[in-house]
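Student: Pasting a predicted model and its sequence here:
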Amino acid sequence: MKREVQPEILDSLPEGHPEALHNRRDLRLINFFMGNFRWFRRTLPGHLRDGETGLELGAGDGSLGSGLFRSNRLPSGVGIDGLDLWSRPDTWPKTWRWHREDLLAYSGYDRYRFFLANFILHQFTDEQLAGLGARLRRNARVIVACETARRVIHLRQVWLLRPLGINRVSWHDARVSIRAGFLGEELPDLLGLHPESWRIQCHTTTRGAYRMIAVRRNRSHQ
């Protein structure tokens, strides 16, 4: 299946729209089903350093970041700021900042040493990912992403979500997301994360997640 990026309904809805709020609830269920937040909680402590500050791209309703904060598993002094078109969630940690901006137009990437992305990068074209990657690479030491795996079987698995009461936005956007997802080392390649400069791990899960861990090699930024 060729990668195909199409508009998602959620992006056309105001943040307070009932269908948008229902979709956010559905996304929390989907993340739970796929184990995405648990994976971030397991993965991050071993790759981050004390005192580093990172940025969550497309932080949405803040569920991932606030969950990481509550877990108390991050290294000492680590902070994570949020970046999203939605306004700052009430649950976002008070000591962490929030930037309400378009991530493709955001100019503050250089201040961060690590980046998190959950269900956001698949929304962008190859060309957009190349431009974003150029900005992330300038100062990033670690990039950790969980996206959608682009396989037909996962399109069929979306049917399993119907009994959970997902709405038409979630039903549509889930299938669009899968068709725009990644396989192999497509994501690091599109972001320009070359193996000579980055240690890269990519894998997919049976529940449809595509996961990438990229760590800059020591000969570059320390």
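Tutor: Yep, that arrived.
Student: avg pLDDT for the longest helix along the chain?
Tutor: Across the chain, the longest stretch assigned as helix under DSSP state H is helix 18-34. Helix 18-34 shows an average pLDDT of 94 in the prediction.
Student: could you list every residue that touches the nearest residue to residue 145 once chain neighbours are set aside?
Tutor: With sequence-adjacent residues excluded and distances taken as Cβ to Cβ, 6 or more residues apart in numbering, residue 145 is closest to residue 117, at 4.1 Å. Just so you know, the C-beta spots here come from the backbone N, C-alpha and C atoms, and that holds for glycine as well. Counting by Cβ atoms under 8 Å, 6 or more residues apart in numbering, residue 117 makes contact with 56-58, 143-147.
Student: can you rerun that using 10 Å?
Tutor: Taking Cβ atoms under 10 Å, 6 or more residues apart in numbering, we find residue 117 in contact with 55-59, 64, 103, 132, 136, 143-147, 187, 191, 212.
Student: Among those residues, which are located in strands?
Tutor: 55-57, 143-147, 212 (DSSP state E).
Student: Same list, these, but as JSON lines with distance to residue 45, pLDDT and neighbour count please.
Tutor: Formatted as JSON lines, the ones in strands among the contacts of residue 117 follow (distance: Cβ to Cβ, whole Å; pLDDT from 0 to 100; neighbours: other Cβ atoms under 10 Å):
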{"residue": "55", "distance to residue 45": "18", "pLDDT": "98", "neighbour count": "27"}
{"residue": "56", "distance to residue 45": "16", "pLDDT": "98", "neighbour count": "27"}
{"residue": "57", "distance to residue 45": "20", "pLDDT": "98", "neighbour count": "21"}
{"residue": "143", "distance to residue 45": "16", "pLDDT": "98", "neighbour count": "27"}
{"residue": "144", "distance to residue 45": "11", "pLDDT": "98", "neighbour count": "23"}
{"residue": "145", "distance to residue 45": "17", "pLDDT": "98", "neighbour count": "24"}
{"residue": "146", "distance to residue 45": "16", "pLDDT": "98", "neighbour count": "24"}
{"residue": "147", "distance to residue 45": "21", "pLDDT": "98", "neighbour count": "26"}
{"residue": "212", "distance to residue 45": "17", "pLDDT": "98", "neighbour count": "22"}
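Student: Nearest to residue 122 among the residues you listed?
Tutor: Closest approach to residue 122 among the ones in strands among the contacts of residue 117 (Cβ to Cβ): residue 147, at 5.0 Å.
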